[in-house]
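1. Structure of the sequence below:
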Amino acid sequence: MSIILAERLKSLQLDGQPGIAPKALQFYDMITQRVRTSRNSSFTLCRETIAIQLACEKLSIEFNQVAASTISSVSLPIYQASVQEARAALGLIKNITLEELDVQFGPPEGVIPYARQLLDEFKETLGATMPAAARRSMDWSGSVYVAAAFALACKHMKKRVVAKTKLLSLAGIKPTVFAGVQKKMEDYGKKTLQEIAAGGGAMAKAQLWNHRLIRQY
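-> Next up is the predicted model:
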């Protein structure tokens, strides 16, 4: 086992967990083989810790990301983006949610409710053009759709809160794919985007009220 991997298991107080060491080593080897780190020094700093996190997720062991980022000598956002990069490379991507983007970017009020309304319209409008079987097989909550709706809501509300590189990294998607989905969402979400530009939208206003209540507790 890598000396650094063993040290980080100990630092995270996970070295006594049954099965964690071999599983972390397995993920470390996979990451080393599949993720190019020559241009990403931050990822290199996180590599062992990410392997431990993925092992913990696989074994249902609690994991402290804040401690992991500190041990890896990177900020929490950089660590989380590196985790997403590893998940994408290993085919382990979990769909990101609007709630997670809310925490990551701290957008102004209205962005999340409008993004949710845009997703709903996109699903309804595009879904109506698809065969039933294709519609049922669509992953409407996929990270690429969530990220595109979030970015478009920010754009049309003229709120510059999104660092595109960070958003794509968190969502684990390629720029070309993201651009294509954004274009499609603009085509099939016109009503919501017009409401955003006009500052209206009954559904979004209701969701904004609920969003405020949730943030209070």
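
2. use CA for all of it now, contacts and neighbours both
-> OK.

3. so which strand or helix has A89?
-> helix 76-90 (DSSP states H and E).

4. what distance separates that helix from the centre of its chain?
-> 9 Å (CA atoms, centre = their mean, to the nearest Å).

5. Which residues does that helix contact?
-> Contact partners of helix 76-90, identified using CA atoms under 8 Å, 6 or more residues apart in numbering, comprise 30-31, 34-35, 42-43, 46, 50, 65-66, 68-70, 93-94, 104, 166, 169-172.

6. now swap in stretch 55-66 and tell me
-> By CA under 8 Å, 6+ apart, the list of residues contacting stretch 55-66 reads L12, I20, K23, A24, F27, Q53, L76, Q80.

7. CSV please, covering these and showing distance to I196.
-> As requested, the contacts of stretch 55-66 are arranged in CSV below (distance: CA to CA, whole Å):
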residue, distance to I196
L12, 45
I20, 48
K23, 47
A24, 46
F27, 44
Q53, 39
L76, 32
Q80, 30
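
8. Of the residues you listed, which is the most crowded?
-> Neighbour count (other CA atoms under 10 Å) singles out A24 as the most crowded of the contacts of stretch 55-66, with 25 neighbours.

9. Now do the same for it: its pLDDT.
-> Note for A24: predicted pLDDT of 94.

10. Okay, domains of this protein per the record?
-> The chain resolves into domains spanning 3-90, 98-216 when parsed by automatic domain parsing.
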